[in-house]
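Q: Below is the structure, and that's it, no one-letter string:
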């Protein structure tokens, strides 16, 4: 099974865990590196990408599930590849079902089902 570190803000799903995704030891550090308080400069983006690649390297994973601000993803891909870590994007399908509530009303509930990964 592949070892894929989760470098996103969100916890990995059970389907992702079954494919080898795991949470990094310093998940709060990953979340902080993905967050920008103000409009970032190219230097800010570069250093955040390097920091995230460091989290991936420290985890021992050979691949990383990434996602977040679009302006961070290309620099993050480059930083990961420079460390020998393969960047992956989760691919999911939006599904919905109707749910009948106890009062008899019906509502539609949407959820995302993980189907695999797209390699960057």
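A: Thanks, I have the structure now. Bear in mind the structure is a predicted one, so any value in this text is a computation, not a measurement.

Q: alpha carbons only for contacts and neighbour counts from here, please
A: OK.

Q: Tell me, how many residues neighbour residue 73?
A: Other residues within reach of residue 73, judged by other Cα atoms under 10 Å, total 18.

Q: Just the element for it, please.
A: Residue 73 belongs to helix 70-82 when assigned by DSSP states H and E.

Q: Give me the next element, helix or strand, following that helix.
A: strand 86-100.

Q: Off-centre distance for that next one?
A: From the chain centre to the centre of strand 86-100 is a distance of 13 Å (Cα atoms, centre = their mean, to the nearest Å).

Q: Quick one: list the elements packing against that strand.
A: strand 63-66, helix 70-82, strand 106-119 (3 or more Cα pairs under 8 Å, 6 or more residues apart in numbering; DSSP states H and E).

Q: Would you reformat those as a markdown table and include distance to residue 25 and mean pLDDT?
A: Converted to a markdown table, the helices and strands packed on strand 86-100 look like this (distance: least, Cα to Cα, whole Å; pLDDT from 0 to 100):
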| stretch | distance to residue 25 | mean pLDDT |
| --- | --- | --- |
| strand 63-66 | 14 | 98 |
| helix 70-82 | 18 | 98 |
| strand 106-119 | 22 | 91 |
